[in-house]
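Novice: Sequence and predicted model, in that order:
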Amino acid sequence: MSDSTASDASVLAPNLSLALERITDGFFALDADWHIAYINAEARKLLDAPGEILGRFWLDAFPKARGRLFEREYHRAMSAQMPVQFVEFSETAHRWFEVKAYPSQDGLSVYFRDVSERIEAQREIDRNVLRQQALIDFGRAALGGRPFPELVIEAMELLRAIVDVAVVEVYDFERRSGGFTVRAAEGWNTGTAFDPAVPALAHVGSAVSTGEAFVCSDMRIEPRARVLATLAEHGVLSCIAAVIGTSNEPLGALAAYAGSPRTFTAGDVRFVESIAQALAEASAALESNRRMAQVLESIRDAFVAVDRDLRITYVNARMAMFWNVDASEMIGVPLERFTQAFDDNGHALESFRIALVNDRALSFETLFGDRWFETRLYPFSNGVAGYVQDITNRKKEQQRVLSLNAELERRVAERTMQLELANKELESFSYSVSHDLRAPLRAIDGFSQALVEDYEPRLDERGKNYLERVRKAAQRMADLIDALLKLARVARVDISYSEVDLSHLAQGVLDELREGDPERTVATAVSPGLRASGEPQLLRVVLENLIGNAWKFTRGMPDARIEVGWSGESKEFYVRDTGAGFDMTYQNKLFGAFQRLHSSEEFEGTGIGLATVARIVHRHGGSIRAVGEVGKGATFFFSLPYDAGGTA
């Protein structure tokens, strides 16, 4: 501790003095006559206080506090005998202090601390809020279709006000020469800073080449661009430069100059960069609008754009030609002035309002004179765009299609009636087959059996053989009639879909076959969990025929085997056997009625079973196929699109 500090501490009790020297706040004490009675080391450092300060009148020691908030608040504390607290900038220390003063009858105790960083941080926050609002407003103007020269002027005014600089210049990039020319300036006359023949553009060039803002706090000692030192002659000493566009595709540049050496904040730099970016986006938008105008002028549709007040902001030449006016005469005119010519009920105008309010595209058709028009509306941020197309020919074609559909519906109704009549005739035929044809067959079979029983002694072996063949033919005819009736019923049965356990049905069919032919030894395998959606009785008929055929055609085969399962690869159910098989050359005959690949002497049957299976599968929307090889068995695959099980 210095000698002066030791003498200061002698005024107070030793322990209190030690505590005041250890605190991080500055502290000084004034006596009742406003003389400095004590000051700690931290206060001396913060205030840069002279060594001989004790006993001096405090405003003589710190004259820059005279008339400031410090003096007023200290007097208020002493006169009211109440503590005061305040924040004030000290001209003595060039810092912001947070001060707490505690009065007593003997004087005033003052504690203070440096809060400059906190104050500057808050001020920077406030400046950022101001910058953000300015950027929002400028961005809206930039994308709102304002003329680019007006935007440039507004950008320069914003930079001077928000960044607090004296001069702003805006440059254009010349693609042919690769150089920059001054477009506009605020704060001095255009070209004052730079000799057009030898422009000092090192800072702009740096911003373009690096893609980052060029920030200079003192041009007199800037090593990156020594030529900028000449600007000091024009009253500027620090600057920020930012590229408008990108380093690969520059459109221009911004430069903001301050009249004194200055350390720009990150917020200042970001603001300049953001303004430059907004100008780039505005330039791109204007170019896009120019190209869009070219496109709109080339399309075959008439085009109109309106603002949110439904005033026309743009029409293409085709739209102007339709109304027989110049396009410029329509700009700014309420849309209603044109729609009222054909929109008696206000539907067209209301459609524009709905598209705007609901922010969704819509279309409507309008009859104007003898022509039909379709209008397609597309809302955008500032209004609604409408494309109008003459659809008279399309409407005529639609009317022709409607007439054709009406004629088609009439023919369908006529064919439906014919089909219903045919079904009734088929039912009548089925009745005749089941009743009228069975009676003669029963007579033939019965009388043939009577001949054998009553006249057997009189018949030789040939006669008996003839009668036996007659009886078999009659029985075969009866079987064919039954098969035909079954096939006819399949076509008429209504399909009511429900979940069907095919594994359970297949096992039931196999059990019935074993009971009917217990002497046969056939290995069988049914995959579990085979499920489908369909008509249960019809699907049972499918399995009865397929498994029945497999049982029949494996007769006499060694190691006979029948499998029922699911092919995950082809997404089909299958029935496989190791029976007689068939020649694939004739596979197209398998599913036709009365088509047989084996003689009735070799294997019994009517030739209707597979036709019935195919009819049922097709009625379920599925398909059926078969593969086989003579002597090595066959596999029948069938699909049911409405499969509800886990196998599909």
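Specialist: Sure, I can see it.
Novice: only C-alpha atoms for contact and neighbour calcs from this point on.
Specialist: Noted.
Novice: now do the same end-to-end measure for stretch 575-587.
Specialist: Using Cα to Cα, to the nearest Å, one end of stretch 575-587 lies 16 Å from the other.
Novice: Can you name the residues in contact with it?
Specialist: Outside stretch 575-587, the residues within contact range by Cα atoms under 8 Å, 6 or more residues apart in numbering are 546-547, 550, 553-555, 557, 559-565, 597, 626-637.
Novice: Inside helices: which ones of these?
Specialist: Among the contacts of stretch 575-587, the members found in helices (DSSP state H) are 546-547, 550, 553.
Novice: Scan these and report the most crowded one.
Specialist: Among the ones in helices among the contacts of stretch 575-587, residue 550 has the most neighbours (other Cα atoms under 10 Å), with 26 neighbours.
Novice: Can you tell me how far that one is from residue 155?
Specialist: To residue 155, residue 550 is 90 Å away according to Cα to Cα.
Novice: follow-up on the earlier one: what would the ones in helices among the contacts of stretch 575-587 look like in CSV with pLDDT?
Specialist: Conversion of those to CSV gives the following (pLDDT from 0 to 100):
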residue, pLDDT
546, 89
547, 90
550, 87
553, 83
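Novice: Please tabulate those in TSV, including the columns distance to residue 467.
Specialist: As requested, the ones in helices among the contacts of stretch 575-587 are arranged in TSV below (distance: Cα to Cα, whole Å):
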residue	distance to residue 467
546	34
547	34
550	32
553	29
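Novice: So what would you say the end-to-end distance of stretch 20-31 is?
Specialist: End-to-end distance for stretch 20-31: 17 Å, by Cα to Cα.
Novice: swap that for stretch 330-346, please
Specialist: Taking Cα to Cα, stretch 330-346 runs 20 Å from one end to the other.
Novice: surely residue 260 meets residue 237?
Specialist: Yes - Residue 260 is within contact range of residue 237, at 5.1 Å (criterion: Cα atoms under 8 Å).
Novice: ok, these two, which is more surrounded?
Specialist: residue 237 (24 against 17).
Novice: quick one, what contacts the more buried one?
Specialist: By Cα under 8 Å, 6+ apart, the contact list for residue 237 reads 217-220, 229, 231, 257-261.
Novice: Same check on residue 527?
Specialist: By Cα under 8 Å, 6+ apart, the contact list for residue 527 reads 503, 564-566.
Novice: List the buried residues for the helix or strand containing residue 349?
Specialist: In the assignment (DSSP states H and E), residue 349 maps to helix 347-358. Within helix 347-358, the residues that count as buried by 16 or more other Cα atoms under 10 Å are 348-349, 351-353, 355-356.
Novice: hmm, which helix or strand of this structure has the shakiest average pLDDT?
Specialist: When each helix and strand of the chain is scored by mean pLDDT, DSSP states H and E, helix 3-9 comes last, with a mean of 46.
Novice: buried residues in the following helix or strand past that helix?
Specialist: On the C-terminal side of helix 3-9, the closest following helix or strand by DSSP H and E is helix 14-22. Within helix 14-22, the residues that count as buried by 16+ other Cα under 10 Å are 17, 20-21.
Novice: name the helices or strands packed onto the next helix or strand after helix 14-22?
Specialist: Next helix or strand after helix 14-22 toward the C-terminus (DSSP H and E): strand 26-31. Packing contacts for strand 26-31, counted by 3 or more Cα pairs under 8 Å, 6 or more residues apart in numbering; DSSP states H and E, involve strand 36-39, helix 41-47, strand 107-114.
Novice: So for stretch 201-211, mean pLDDT?
Specialist: The average pLDDT within stretch 201-211 is 82.
Novice: Nearest to the middle of this structure, which residue? Look it up for me.
Specialist: By Cα atoms, centre = their mean, the chain has its centre lying nearest to residue 360, at 16.2 Å.
Novice: Contact partners for it?
Specialist: Counting by Cα under 8 Å, 6+ apart, residue 360 touches 378-379.
Novice: After the helix ranked longest in the chain, which helix or strand is next?
Specialist: Criterion DSSP H: the longest helix present in the chain is helix 392-432. Next helix or strand after helix 392-432 toward the C-terminus (DSSP H and E): helix 438-454.
Novice: orientation of that following helix relative to helix 392-432 in degrees?
Specialist: Relative orientation of helix 438-454 versus helix 392-432 (axes from the mean of the first three to the mean of the last three Cα atoms, to 10 degrees): 30 degrees.
Novice: Contacts for helix 438-454, please.
Specialist: The set of residues external to helix 438-454 that reach it, using Cα under 8 Å, 6+ apart, is 459, 464, 467-468, 470-471, 474-475, 477-478.
Novice: just to revisit the earlier point, let's have the helices and strands packed on strand 26-31 in TSV, adding mean pLDDT.
Specialist: Listed next are the helices and strands packed on strand 26-31 as TSV, based on pLDDT from 0 to 100:
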stretch	mean pLDDT
strand 36-39	92
helix 41-47	91
strand 107-114	94
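Novice: Can you say which of these is packed in most?
Specialist: A comparison of the helices and strands packed on strand 26-31 by mean neighbour count, using mean count of other Cα atoms under 10 Å, puts strand 36-39 on top with a mean of 22.
Novice: That one: partners in the sheet, and parallel or antiparallel?
Specialist: Here strand 36-39 has these sheet partners by DSSP bridges: strand 26-31 (antiparallel).
Novice: hang on, the earlier thing: with respect to residue 509, which of the ones in helices among the contacts of stretch 575-587 is nearest?
Specialist: Nearest to residue 509 out of the ones in helices among the contacts of stretch 575-587 is residue 547 (Cα to Cα; 7.4 Å).
Novice: Spatially nearest residue to residue 84, not counting backbone neighbours?
Specialist: Using Cα to Cα, 6 or more residues apart in numbering and skipping the chain neighbours, the partner closest in space to residue 84 is residue 101 (5.4 Å).
Novice: Do you know the pLDDT at the nearest residue to residue 620 once chain neighbours are set aside?
Specialist: Leaving aside its sequence neighbours, residue 620 sits nearest to residue 640 (Cα to Cα, 6+ apart; 6.5 Å). pLDDT, residue 640: 86.
Novice: Return the list of helices and strands in contact with the longest helix of the chain.
Specialist: With contacts taken as 3+ Cα pairs under 8 Å, 6+ apart, helix 392-432 sits against strand 371-380.
Novice: what pairs with the strand it packs on, and is each one parallel or antiparallel?
Specialist: Here strand 371-380 is paired, per DSSP bridges, with strand 362-368 (antiparallel), strand 383-390 (antiparallel).
Novice: Give me the buried stretch members for the helix or strand where residue 514 lies, please.
Specialist: Using DSSP H and E, residue 514 maps to helix 502-516. Buried positions in helix 502-516, judged by neighbour count with 16+ other Cα under 10 Å: 502-503, 505-507, 509-510, 513.
Novice: Equivalent analysis for stretch 248-255, please.
Specialist: Going by neighbour count (16+ other Cα under 10 Å), the buried part of stretch 248-255 is 250-255.
Novice: cool, and stretch 452-459?
Specialist: residue 452.
Novice: quick check: mean pLDDT across it?
Specialist: Stretch 452-459 shows a mean pLDDT of 75.
Novice: got the CA positions of that stretch in CSV?
Specialist: Provided in CSV are the C-alpha atoms of stretch 452-459 (Å, rounded to 0.1, in the frame of the first residue of the first chain):
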residue,chain,number,x,y,z
VAL,A,452,-80.3,-106.4,-67.9
GLU,A,453,-82.2,-107.6,-64.9
ASP,A,454,-85.3,-109.0,-66.7
TYR,A,455,-83.8,-110.3,-69.9
GLU,A,456,-80.3,-111.3,-68.8
PRO,A,457,-80.7,-115.0,-69.9
ARG,A,458,-81.7,-113.9,-73.4
LEU,A,459,-78.8,-111.4,-73.8
